[in-house]
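1. Need a 3D model of the following:
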Amino acid sequence: MAKPSTIQIKLVSTADTGFFYVTKKNPKNSTEKLQFRKYDPVARKHVLFKESKIK
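-> Numbers count the residues shown, from 1 in each chain. Model (predicted):
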């Protein structure tokens with residue numbers, strides 16, 4: 001079987017609350033790091049989430 005082309009990444013909140021989302025990314029199609037403006041329930045507002053590796 002072939003390896004899947006998508007990898008799992010962690011989107012970490014820039015509000016320093018420790019909250020994160022886990023999502024998938026195809027590194028062949030999108031080579032830059034992902035950045036999304038999503039809801040942080042700890043800070044109770046929308047903040048910027050940046051990509052980091054899952055350890």
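
2. Now do the contacts for the closest residue to Phe36 other than its chain neighbours.
-> With sequence-adjacent residues excluded and distances taken as CB to CB, 6 or more residues apart in numbering, Phe36 is closest to Phe49, at 5.0 Å. From N, CA and C alone the C-beta is placed, and that goes for glycine too. Listed by CB atoms under 8 Å, 6 or more residues apart in numbering, the contact set of Phe49 reads 11-14, 20-21, 35-38, 40.

3. 10 Å - rerun?
-> Taking CB atoms under 10 Å, 6 or more residues apart in numbering as the criterion, Phe49 is in contact with 10-15, 19-21, 23, 34-40.

4. could you flag which of those residues are buried?
-> Among the contacts of Phe49, those buried by neighbour count (16 or more other CB atoms under 10 Å) are 11-13, 15, 19-20, 40.

5. Among those residues, which ones are in strands?
-> 11-13, 20, 40 (DSSP state E).

6. which of those lies closest to Ile54?
-> The closest of those to Ile54 turns out to be Phe20 (CB to CB; 9.3 Å).

7. Pull up the gap between that closest one and Tyr39, please.
-> Separation of Phe20 from Tyr39 (CB to CB, to the nearest Å) stands at 12 Å.
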